[in-house]
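*Asks:* My questions concern the predicted model and sequence given below.
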Amino acid sequence: MNQAYLKNKLSAKFDFDIWKNLLEKIFPKVEFFTSVAKIADSHVKDGGHVGNIRLDDGRSLAIFDFEVVDNVLIQRNRRTLRNIAANYIDQDKFHGALAFYHSQSKDDYRLTFIAKQT
């Protein structure tokens, strides 16, 4: 995996299967669920908790995949979108999250890393 490969993947239209493959290459202890643990939110059309990453220091990251409703501007609603996943970081089970936000009607998508530390 080199810089050109990553640039190509990061600038392509969102496809979670491509991201799954990439996350498996980056994180050796990644687990994807067979079914999505749905999360209800007025900004979310579909999606939820799709997997976990176990880090070498014993901490865990949750992986979220959200298809947002059509009227959400992904590039402008950073805080609102971040808070959807941030509410699930409890410092007991999950210490952070990787959250993907995308829409069928738009080419833009957002990948957010969220961490909380006490």
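*Replies:* Arrived safely, thanks for sending.
*Asks:* Give the buried residues for the strand or helix carrying residue 7.
*Replies:* Here residue 7 is covered by helix 3-11, with elements defined by DSSP states H and E. Buried residues in helix 3-11, counted by 16 or more other Cβ atoms under 10 Å: none are found. (Glycine included, C-beta is placed from N, CA and C.)
*Asks:* next helix or strand past it?
*Replies:* Taking DSSP H and E, what comes next after helix 3-11 is helix 16-26.
*Asks:* Tell me what angle that next one forms with helix 3-11.
*Replies:* For helix 16-26 against helix 3-11, the angle by axes from the mean of the first three to the mean of the last three Cα atoms, to 10 degrees is 140 degrees.
*Asks:* Quick check: buried residues in whichever helix or strand comes after helix 16-26?
*Replies:* Going down the chain from helix 16-26, the next helix or strand is strand 30-38, by DSSP H and E. Buried residues in strand 30-38, counted by 16+ other Cβ under 10 Å: residue 30.
*Asks:* How about stretch 80-98?
*Replies:* By neighbour count on 16+ other Cβ under 10 Å, the buried set for stretch 80-98 is 81, 82, 84, 85, 86, 88, 89, 94, 95, 96, 97, 98.
*Asks:* In terms of pLDDT, where does the first one sit?
*Replies:* Which is residue 81. Confidence at residue 81, expressed as pLDDT, is 93.
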